[in-house]
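# Below: sequence and its predicted model.
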Protein chains: 2
Amino acid sequence: MKLSSKNYESRLDTVYDAIVVGGGMGGLSAAIYLARYGLKCLVIEKGKGRSIWMQDLRNYLGIDPDAPGSDLIQHGTKQAINWGADHLRAFVEDVTDEGDTFAVKVKLGRKDSIYPVFRSKYLIAASGVIDVLPELEDMQNVYDYAGYTLHVCMICDGFDMWDQKAVLIAGKESQINAAFVLNWFTPYITVLTHGLCTVSDEMKQKLADHGYPLYEGAIARFVGEKHKMQGVELEDGTFIEATTGLINMGSIYHNKYLKGIEGLEWDGENLVTNDMTQTSHERIFALGDLKKGLNQVSVAVADGTLAATQIWRNIRRKSEPRKWVENIK
Amino acid sequence: MKLSSKNYESRLDTVYDAIVVGGGMGGLSAAIYLARYGLKCLVIEKGKGRSIWMQDLRNYLGIDPDAPGSDLIQHGTKQAINWGADHLRAFVEDVTDEGDTFAVKVKLGRKDSIYPVFRSKYLIAASGVIDVLPELEDMQNVYDYAGYTLHVCMICDGFDMWDQKAVLIAGKESQINAAFVLNWFTPYITVLTHGLCTVSDEMKQKLADHGYPLYEGAIARFVGEKHKMQGVELEDGTFIEATTGLINMGSIYHNKYLKGIEGLEWDGENLVTNDMTQTSHERIFALGDLKKGLNQVSVAVADGTLAATQIWRNIRRKSEPRKWVENIK
């Protein structure tokens, strides 16, 4: 059922089998499986996830390569609800481990927000990451290209940059190293730091050895039309010709609500999981970009399958077997 | 490119980066990724894979729940070829590890078959399994229900059996244990062994304790119409009312071509793989149902992503970096 500020109260006494934080690719896959295992689940989706940036989902089997990520999200949300999952548009503020249950406090509504608490036996952390973008005065100028010809994922979109003039935008020196992977797809790379870091002489030399120009000044704007880049203009007036680009400025992890929970093993900002996506906390699972491993739609979707299946196994093994009573003498 | 007996010769001198044995869900996902990494790959598909049995692909994110598996295969095959993969309808007879390459001998054409050999640096084993079905005199009668209301995968289709009268068809005593998992979905279970095994007193007692009737006689035919089961008739004339069923008779693994290769670690018929689907042989990867883990479409698709990505990493790391020559002084 679709929940909202109008009907959420009907679920305040429910103990869900699982609450899924994040209604992206992994979370929706988990919800579809949970619902089809006959388990009660609630997906809490804040909106504006990383999938919404994907203008063309090139490499997910079964989808046309020009289908935007938002289509898949919409379709999956509908499926999950049809199979019996609850879905709420809200932001998870805080999660408390109560021992047998989790108390999940959400912020509901942008204005006159309310803060209801939902409860579940298991928690699926599927809230993902969002890419850091270069901050320009006019952010709309960034959004006009990001996800179209200005990419954030080399694995997803390297192919579409093939032998084109490309900018690599990095915010730290270590992020510049992506140039030496991106050159698999194109050697015509110009590196921009947007004035965010100093670059060592060693890195400068390495870039020079590869013939990749480096500009350390701030970006003024992306130039082009209809989402197609033609180049980048720096604040000092320099124009760099480029028909594509890769932003490699790191990610913001949507994992704040997990930071107070004891017993979780972290690897940097990623959660460490086993082969069923279970974290070191036996009632918390982590999917997709939040956990260690490749940040790919297909991986997140499989993660949802694994988490839901393990939760089903755990709950089933603790439950009484259903007998066919009329046949028992 | 679509290869056939008419044009395969153009590829006999090619050393593919990877040959993918099996053009099912995992193999096609791998091919799409390999092609988009700019790697040369050949998918060899024998036809009639397990996906073709799936009449309704219920739980794969992004697909309508009444979409048959064959739609996904057709769509993915087209995508893989469009991105640059080669695809050949043929049967892999034998694979020889030549050290740096594999020699993959295929049987091409049903009549007047020819046996060309293709070569690759890496091998992706994605040839899957096929479910054992009960053998009846009239196999068409089995095919009329299998994949519709007579299921082979509880995880996929348990939900669609909810509280219905169901038969569980097992070929070995150990396979009868599925009844005590299936009862999560329905307790109205009748167990059939089709005369294939003897059942211990202990198991008989356990079934009786749960109220699940056991019939050890041979199945004569499935009764119903338009793929909808109404029951099962045994050869002794007994009629068992059931609107659905689960066949749990094990799987045939399409892994014969791997059996002669040294250095592969097996767990029964499954290949043991690491978290990138790499087997214990560093140039062989195994996907989906062939490897340990859940036999689910979403898992196979993610496996294809992982295998292709690891192969790309390996090849890229060994290759010379592409420099932007005109900028190098």
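Happy to help now that I have it.

# who does the strand ranked longest in chain A pair up with?
For chain A, the strand with the greatest residue count under DSSP state E is strand A:117-125. Paired neighbours of strand A:117-125 in the sheet (DSSP bridges): strand A:15-21 (parallel), strand A:102-107 (antiparallel), strand A:284-286 (parallel).

# most packed of these?
strand A:284-286 (a mean of 27; mean count of other Cβ atoms under 10 Å in any protein chain shown). Glycine gets a C-beta too; all of them are placed from N, C-alpha and C.

# how about the helix or strand just after that one: buried residues?
Next in sequence after strand A:284-286, counting helices and strands by DSSP states H and E, comes helix A:297-318. For helix A:297-318, the neighbour count (16 or more other Cβ atoms under 10 Å in any protein chain shown) marks A:297-312, A:314-316 as buried.

# got it, and stretch A:109-120?
Within stretch A:109-120, the residues scored as buried using 16+ other Cβ under 10 Å are A:116, A:118, A:119, A:120.

# Check stretch A:47-60 too.
By neighbour count on 16+ other Cβ under 10 Å, the buried set for stretch A:47-60 is A:49, A:50, A:51, A:53, A:54, A:55, A:56, A:57, A:58, A:59, A:60.

# What's the separation between the last one and residue B:5?
Read that as residue A:60. 32 Å (Cβ to Cβ, to the nearest Å).

# Now the spatially most central residue of chain A. Nearest residue, chain neighbours left out?
Most central in chain A under Cα atoms, centre = their mean is residue A:128, positioned 3.3 Å from the mean C-alpha point. With Cβ to Cβ, 6 or more residues apart in numbering or on different chains as the criterion, residue A:128 has its nearest non-adjacent residue at 4.5 Å, and that residue is residue A:289.

# now do residue A:151
That would be residue A:157: by Cβ to Cβ, 6+ apart, it lies 3.9 Å from residue A:151.

# Quick check, pLDDT for that neighbour.
Per-residue pLDDT puts residue A:157 at 96.

# Please name every helix or strand in contact with the helix or strand hosting it.
If you go by DSSP H and E, residue A:157 is part of helix A:154-157. In terms of contacts (3 or more Cβ pairs under 8 Å, 6 or more residues apart in numbering or on different chains; DSSP states H and E), helix A:154-157 is packed against strand A:244-248.

# touching chain B at all, the strand it packs on?
No - residues of strand A:244-248 contacting chain B under Cβ under 8 Å from any Cβ of the partner chain: none, with a closest distance of 14.6 Å.

# Name the residues of that strand that are buried.
Quick answer for strand A:244-248 (16+ other Cβ under 10 Å): A:244, A:245, A:246, A:247, A:248.

# Mind putting these into JSON lines with distance to residue A:258 and pLDDT?
Listed next are the buried residues of strand A:244-248 as JSON lines, based on distance: Cβ to Cβ, whole Å; pLDDT from 0 to 100:
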{"residue": "A:244", "distance to residue A:258": "35", "pLDDT": "98"}
{"residue": "A:245", "distance to residue A:258": "32", "pLDDT": "98"}
{"residue": "A:246", "distance to residue A:258": "29", "pLDDT": "98"}
{"residue": "A:247", "distance to residue A:258": "26", "pLDDT": "98"}
{"residue": "A:248", "distance to residue A:258": "25", "pLDDT": "98"}
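
# Show me the contact partners of stretch A:79-87.
A:1-3, A:11, A:16, A:23, A:28, A:31-32, A:34-36, A:38, A:40-43, A:45, A:77, B:61, B:65, B:159 (Cβ atoms under 8 Å, 6 or more residues apart in numbering or on different chains).

# Tell me the residues of the stretch 201-329 of chain A that contact chain B?
Counting by Cβ under 8 Å from any Cβ, the stretch 201-329 of chain A sits next to chain B at A:208-213, A:275, A:293-294, A:296, A:298-299, A:301-306, A:309, A:312, A:316, A:319, A:321-328.

# Please name the residues that touch residue A:101.
A:15, A:119, A:120, A:121.

# And the strands in the stretch 101-250 of chain A?
Per DSSP state E, counting those that start in this stretch, the stretch 101-250 of chain A carries strands over the ranges A:102-107, A:117-125, A:129-131, A:150-151, A:166-170, A:189-192, A:214-215, A:219-225, A:228-234, A:239-241, A:244-248.

# Which strands and helices lie in contact with the third one?
With contacts taken as 3+ Cβ pairs under 8 Å, 6+ apart, strand A:129-131 sits against strand A:251-253.

# What mean pLDDT does the helix or strand just after the strand it packs on get?
Next in sequence after strand A:251-253, counting helices and strands by DSSP H and E, comes strand A:266-267. Throughout strand A:266-267, pLDDT has a mean value of 96.

# Counting by contacts, list what the helix or strand just after strand A:266-267 packs against.
As assigned by DSSP H and E, the chain's next helix or strand after strand A:266-267 is strand A:270-271. Using 3+ Cβ pairs under 8 Å, 6+ apart as the contact definition, strand A:270-271 packs against no other helix or strand.

# Across the sheet, point out what pairs with the residue nearest to residue A:129 when sequence neighbours are not counted.
Nearest residue to residue A:129 in three dimensions, chain neighbours excluded: residue A:251, at 3.9 Å (Cβ to Cβ, 6+ apart). For residue A:251, the beta-bridge partners under DSSP bridges are residue A:131.

# Quick check: pLDDT value at residue A:251.
Looking at residue A:251, its pLDDT reads 95.

# how far away is it from residue A:152?
Noted for residue A:251: a distance of 9 Å to residue A:152, by Cβ to Cβ.

# now swap in residue A:319 and tell me
In this view, residue A:319 and residue A:152 are 43 Å apart by Cβ to Cβ.
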